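# sequence and predicted structure below; questions after.
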Amino acid sequence: MKDRGIALENTGKNCILYPAEEADRPLIVLNHFAEDGGSLVRALRESSCGDGSLLVVGDLDWNRDLSPWAAPAIRKSEEPFSGGADAYLDALLHVILPEAEKRIPGKPAFYGIAGYSLAGLFALYSLYRCERFTRAASMSGSLWFTDFLQFATTEPLRVRPEKLYLSLGDREAKTRNPQLAAVQENTEKLCAHYRSLGLNAEFTLNEGNHFRDADLRTAKGIAAIL
């Protein structure tokens with residue numbers, strides 16, 4: 001992918017597109033906490049992953065845009081989750097992606113979706129709500145989210161993914177918060193569920209807590225689905 005991004009207008013979000021070098025390469029959507037994803041793109045280029053276009057979407061209200069349904073906050077000092085993922089997914093599919101498709105060479109070989117933390121949860125959730133994405137990467141995904149494991153293991157996927165990548169830090173479950181402490185168990189159970197369906201699902205355990213090497217972990221996940 002090219003190292004210079006293109007700002008997309010009329011999307012309602014801060015969207016930067018890094019087009020592929022060649023035509024008809026995959027398009028990966030990354031919902032991201034950084035402004036433009038520049039450091040991540042550099043990490044991707046250093047990883048020697050396959051060529052593809054990367055659409056970085058920022059300016060997100062995380063607790064609204066990326067949460068599947070309303071749920072209490074996990075800490076008293078934080079805002080509750082308001083469950084706006086379906087509305088954001090609709091905007092992503094029908095407003096943001098069409099703008100990106102105007103700027104990439106050719107047509108995408110496939111669409112993938114990736115994210116870190118709550119954006120990793122959203123990446124997996126999207127597979128249950130639309131057929132656009134056939135590969136997904138969830139890095140340090142918030143799979144502790146209220147009732148998500150039950151939802152993900154009982155609801156049907158809208159698409160049969162070609163590749164799923166899940167990763168987690170080996171210290172993320174070491175917390176006094178009982179909800180957060182379930183994250184590794186839930187991630188491993190969900191990966192096992194996907195494998196039981198005959199899907200190509202990879203799980204990687206990295207060193208460190210939730211905040212360690214976020215860009216490197218994200219680059220690793222995107223490279224895996226490219």
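Cool, got the structure.
# which SS class is Ala152?
The local conformation at Ala152, judged by DSSP: H, G, I helix; E, B strand; the rest coil, is helix.
# ok, for it, nearest residue in space, not its chain neighbours?
In this structure, Ala152 finds its nearest non-sequential neighbour in Leu190, 5.6 Å apart by Cβ to Cβ, 6 or more residues apart in numbering. C-betas here are computed from N, CA, C, even on glycine.
# now do the same contact list for Ala87.
The neighbours of Ala87, taking Cβ atoms under 8 Å, 6 or more residues apart in numbering as the test, are Asp65.
# switch the cut-off to 10 Å
64-65 (Cβ atoms under 10 Å, 6 or more residues apart in numbering).
# can you confirm it is in a helix?
Yes - counting by three-state DSSP, Ala87 is located in a helix.
# against Leu66, how distant is it?
Ala87 is 11 Å from Leu66, where distance means Cβ to Cβ, to the nearest Å.
# report the secondary structure state of Val56.
strand.
# hey, what's it bridged with?
As for beta bridges, Val56 partners with Ile16, Leu30 under DSSP bridges.
# that one and Leu30 touch, don't they?
Yes - between Val56 and Leu30 there is a contact at 5.2 Å, judged by Cβ atoms under 10 Å.
# check the gap between Asn215 and Ile225 for me.
In this structure residue 215 is Asp, not Asn. From Asp215 to Ile225 the distance is 16 Å (Cβ to Cβ).
# what about these two, which has more around it?
Taking neighbours as other Cβ atoms under 10 Å, Asp215 and Ile225 compare with Ile225 leading, 26 against 19.
# can you give me the helices in the protein?
All helices of the chain, identified by DSSP state H, fall at 38-46, 62-65, 85-91, 97-101, 118-126, 148-154, 183-196, 214-225.
# let's see stretch 17-35 as CSV, backbone CA atoms only.
Extracted C-alpha coordinates of stretch 17-35, given in CSV (Å, rounded to 0.1, in the frame of the first residue of the first chain):
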residue,chain,number,x,y,z
LEU,A,17,-7.4,5.9,2.6
TYR,A,18,-4.0,4.3,1.8
PRO,A,19,-4.5,2.9,-1.7
ALA,A,20,-2.9,-0.3,-2.9
GLU,A,21,0.0,-0.1,-5.3
GLU,A,22,-1.7,-2.4,-7.9
ALA,A,23,-5.3,-2.8,-9.1
ASP,A,24,-7.8,-5.3,-7.8
ARG,A,25,-6.1,-5.8,-4.4
PRO,A,26,-8.0,-6.4,-1.1
LEU,A,27,-9.5,-3.5,0.8
ILE,A,28,-9.1,-3.6,4.6
VAL,A,29,-11.2,-1.4,6.9
LEU,A,30,-9.5,-0.4,10.2
ASN,A,31,-11.5,1.4,12.8
HIS,A,32,-8.7,3.1,14.7
PHE,A,33,-8.1,5.3,17.7
ALA,A,34,-5.2,7.2,16.1
GLU,A,35,-5.8,10.2,13.9
